[in-house]
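Enquirer: can't give you the sequence, but here's the structure:
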C-alpha cells in the first residue's frame with residue numbers, strides 16, 4: 001500500500017484545494033492511501049535557529065509525515081502571483097531535512113488561473129530535491145464555486161476518472 005501525503009496550501013475552511021485533495025483521497029485507486037496533513041495553520045514561522053533539538057512540535061510532525069510518506073500531492077492557490085506564505089513556510093521547514101530529498105511529489109490544481117505560482121512552487125520543490133512528477137497534470141476548475149457546486153463537480157464521473165488516472169500514474173512514478 002502506497003502512503004501518499006496530501007498538503008493543501010490553503011487555510012480557508014471552504015478551500016477548493018483542500019476539497020480537491022479530499023476528493024482524491026475518496027477516489028484513490030486500489031493500492032494507494034491518501035492522508036491529509038492538517039497542521040499548516042499551526043506551523044510557526046520558519047527560523048533556522050529552531051531546527052534540531054529546538055524544532056517546534058508541529059514542524060516535527062510535518063517533517064515526520066513527509067518522511068514517512070511514499071509520495072506527496074500538493075494543491076495550492078495562487079496569491080498575488082505567488083505561492084501562499086503558509087505553503088512556502090511549510091516547505092522552508094523541510095529545506096535542510098532529508099524528508100524532501102528524492103521524495104516523489106505531484107502538483108494538482110483547483111484553478112486554471114495559477115500558472116505563475118505553479119511555476120514558482122515547482123521551482124522551489126525541485127530546488128529542494130523533491131522528485132517532481134512531470135506527467136499529465138490534474139486540473140479541475142473549482143475557483144469561485146460554492147461548496148455544494150465544488151462537490152457536484154468533484155462527483156462527476158469524468159472528474160472521478162481523471163483523479164483516479166492521475167493518482168494511478170503518480171503511483172506508477174513512485175514505484176519506478
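Expert: Yep, that arrived. All values reported here derive from a predicted model rather than from experimental measurement. Residues are numbered from 1 along each chain as shown.

Enquirer: residue 67: how many residues sit nearby?
Expert: Neighbourhood size, residue 67 [other CB atoms under 10 Å]: 14. Every C-beta, even on glycine, is put in place using the N, C-alpha and C of the backbone.

Enquirer: who does the lengthiest helix in the chain touch, helix- and strand-wise?
Expert: Counting residues, the longest helix in the chain under DSSP state H turns out to be helix 157-175. Using 3 or more CB pairs under 8 Å, 6 or more residues apart in numbering; DSSP states H and E, the elements in contact with helix 157-175 are strand 2-8, helix 16-26, strand 32-36, strand 71-75, strand 104-109, strand 138-139, helix 147-154.

Enquirer: how about 7 Å then?
Expert: Here helix 157-175 touches helix 16-26, strand 104-109, strand 138-139, going by 3 or more CB pairs under 7 Å, 6 or more residues apart in numbering; DSSP states H and E.

Enquirer: would you list those in a markdown table and tack on mean neighbour count, mean pLDDT and distance to residue 83?
Expert: Listed next are the helices and strands packed on helix 157-175 as a markdown table, based on neighbours: other CB atoms under 10 Å; pLDDT from 0 to 100; distance: least, CB to CB, whole Å:
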| stretch | mean neighbour count | mean pLDDT | distance to residue 83 |
| --- | --- | --- | --- |
| helix 16-26 | 22 | 97 | 12 |
| strand 104-109 | 24 | 96 | 11 |
| strand 138-139 | 20 | 94 | 17 |
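
Enquirer: give me the pLDDT for the closest residue in space to residue 102 that isn't next to it in sequence.
Expert: Spatial nearest neighbour of residue 102, chain neighbours left out: residue 131 (5.4 Å); criterion: CB to CB, 6 or more residues apart in numbering. With respect to pLDDT, residue 131 scores 97.

Enquirer: ok, now which ones touch residue 131?
Expert: Residues near residue 131 by CB atoms under 7 Å, 6 or more residues apart in numbering: 102, 103, 104, 105.

Enquirer: and the furthest pair within those?
Expert: Taking CB to CB, the two most distant members of these are 102 and 105; they sit 10.1 Å apart.
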